[in-house]
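Peer 1: Following is a predicted model, sequence given first.
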Amino acid sequence: MARAVLLKDVCFSYNANQPDTVEAIKKLSLEIEEGSFVALVGHNGSGKSTLAKLLNGLLLPTSGDVRIFGDSTMDNKKLFDIRKNVGMVFQNPDNQMIASIVEDDIAFGPENLGIEREEIIRRVDWALTKVGMLEHKKGTPFKMSGGQKQRLAIAGVLAIKPKILVLDESTAMLDPQGRSEVLKVAHELNKQEGMTIIHITHFMEEALGADRLIVMNDGEIAFDDTPQNVFRHYEELKNIKLAVPWDTQFAISLAKLGIDTGEITKEEDLIDSLCRLL
Ligand code: ADP
Ligand code: MG
C-alpha cells in the first residue's frame with residue numbers, strides 16, 4: 001500500500017510573527033496508509049481543521065513538510081494535483097451547494113477541471129449512485145434533509161475523483177439519521193473504492209468503525225491507535241474533554257474485573273455479549 005499522507009515535524013501558526021500569533025499545530029508527525037479509515041477527534045480548538053487544511057494545501061506549514069502521495073504541498077507545480085487528490089467536505093451542508101439542480105451541482109467540480117461532457121455525465125451518475133442519491137438527480141438540493149445535502153456534498157467531491165476524502169465535522173449539524181447515512185457512505189467508499197477516509201468528528205462513537213483513531217490535543221497527537229485501544233484510556237480522555245461511548249467504557253470496566261465481553265463496536269454487541277454471559 002502506498003503512503004497517502006506524510007507529515008514530518010509540521011508546525012503551523014496563524015498570524016505568524018505577530019503579537020496575536022496562535023500556534024495551532026506543534027511539530028506534528030504522522031503517516032496515513034492508502035485505503036485506511038482514520039477517525040480524528042479532539043476538543044474544540046485542538047487543531048483538527050487546521051490539520052485538514054494543511055493536507056490539501058489550503059494552508060502551508062510554517063515549518064516541516066506535508067506530503068500527499070509523495071508530493072509536497074510546498075511544491076507549486078504539485079498543488080493542483082494535491083487539491084484534486086484531497087477532497088474536503090465541511091460542516092455546513094448549505095454552504096456547499098452551488099447549483100439549484102442536483103446534477104448541475106455535482107457536475108460543477110469536473111466542469112471546472114475541463115473534463116469532457118461524456119465523462120462528466122458518467123461521473124455524476126457514479127457519484128450520485130455511490131451516495132445513494134441517483135433518484136434525486138433532477139431534484140433541488142435546497143429542499144432536502146441535512147443528511148441528503150451532506151451526501152450530495154460528498155458526491156460533488158467524488159466527481160473530482162479524489163484518492164483521499166476528508167470529512168471535517170460533516171456530521172456535526174445532522175440528526176442521528178443523517179449522521180448514520182453519511183457515515184455509511186464514508187465506510188462504503190472506503191471498502192468498495194479503497195478510498196482513504198479521514199473522518200473528523202467530535203462524536204467519539206463515530207470512531208468505532210475506523211481502522212485507527214487519532215486524538216488531538218492542543219495541536220499535538222495525544223493518542224494514535226485502534227479505537228478499542230484508545231478508548232481504554234477513558235480517564236485520560238476525560239481530562240482532555242473527550243467522553244468515551246458508555247457501552248465501550250462499560251465493557252472495559254467489566255474486562256478489568258476479569259469479565260470478557262469480546263470486541264464491542266456497537267451497542268448491540270454489548271447487549272449480545274451480556275446476554276451470553278448471563
Ligand atoms: P478544531 O478544528 O480542532 O476546532 P482549529 O484547527 O479550528 O481547531 O483551531 C486550532 C487553533 O487555531 C485554535 O486555537 C483556533 O482558535 C485557532 N485558529 C483557527 N483558525 C484561526 C484563524 N483563522 N486565525 C487565528 N487563529 C485561528
Ligand atoms: Mg474544526
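Peer 2: Done, it's in. Ligands and ions are numbered 1, 2, ... in the order given.

Peer 1: And the pLDDT at whichever residue of the stretch 51-200 of the chain sits closest to ligand 1?
Peer 2: Proximity of the stretch 51-200 of the chain to ligand 1 (Cβ to the nearest ligand atom) peaks at Leu51, 6.8 Å away. Using the backbone N, CA and C atoms, a C-beta is placed for each residue, glycine as well. Leu51 is assigned 98 on the pLDDT scale.

Peer 1: and it, how far is that from Val10?
Peer 2: Distance, Leu51 to Val10, using Cβ to Cβ, to the nearest Å: 8 Å.

Peer 1: same check, this time on Leu59
Peer 2: In terms of Cβ to Cβ, Leu59 sits 10 Å off from Val10.

Peer 1: Between those two, which has more neighbouring residues?
Peer 2: Neighbours were counted for Leu59 and for Val10 using other Cβ atoms under 10 Å; Val10 has more, 23 against 19.

Peer 1: Which other helices and strands does the helix or strand containing that one contact?
Peer 2: Val10 belongs to strand 3-14 when assigned by DSSP states H and E. Judged by 3 or more Cβ pairs under 8 Å, 6 or more residues apart in numbering; DSSP states H and E, strand 3-14 is in contact with strand 22-33, helix 48-55, strand 63-68, strand 196-200.

Peer 1: Only alpha carbons, please: show the longest one as PDB.
Peer 2: C-alpha atoms of strand 22-33 as PDB (Å, rounded to 0.1, in the frame of the first residue of the first chain):
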ATOM      1  CA  VAL A  22      -1.600  31.200  17.500                       C
ATOM      2  CA  GLU A  23       0.400  28.000  17.400                       C
ATOM      3  CA  ALA A  24      -2.200  25.600  16.100                       C
ATOM      4  CA  ILE A  25      -0.100  22.600  15.100                       C
ATOM      5  CA  LYS A  26       3.000  21.800  17.100                       C
ATOM      6  CA  LYS A  27       5.800  19.700  15.500                       C
ATOM      7  CA  LEU A  28       3.400  17.000  14.400                       C
ATOM      8  CA  SER A  29       4.500  13.900  12.500                       C
ATOM      9  CA  LEU A  30       2.000  11.500  11.000                       C
ATOM     10  CA  GLU A  31       1.700   8.800   8.300                       C
ATOM     11  CA  ILE A  32      -1.500   7.500   6.800                       C
ATOM     12  CA  GLU A  33      -1.600   4.500   4.600                       C
END
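
Peer 1: After that strand, which helix or strand is next?
Peer 2: strand 37-42.

Peer 1: Run the chain-centre distance for that following strand.
Peer 2: 7 Å (Cα atoms, centre = their mean, to the nearest Å).

Peer 1: still on that earlier bit, mind listing the shared neighbours of Leu51 and Val10?
Peer 2: Common neighbours of Leu51 and Val10 are listed as 25, 28 (criterion: Cβ atoms under 8 Å, 6 or more residues apart in numbering).

Peer 1: Now for the most centrally placed residue in the chain: which residues touch it?
Peer 2: What sits nearest the mean C-alpha location of the chain, by Cα atoms, centre = their mean, is His199, with 1.9 Å. Shown in contact with His199 (Cβ under 8 Å, 6+ apart): 37-40, 167, 170, 183, 186, 206-207, 210.

Peer 1: Residues of the protein that sit close to ligand 2?
Peer 2: Residues of the chain lying near ligand 2 by Cβ under 5 Å from the ion: 48-49.

Peer 1: Quick check: can you list the domain ranges of the protein?
Peer 2: Listed domain ranges for the chain are 3-239, 245-278 (source: automatic domain parsing).

Peer 1: Identify the residue nearest Leu79 in space, chain neighbours excluded?
Peer 2: Excluding its sequence neighbours, the residue lying closest to Leu79 (Cβ to Cβ, 6 or more residues apart in numbering) is Gly57, at 5.0 Å.
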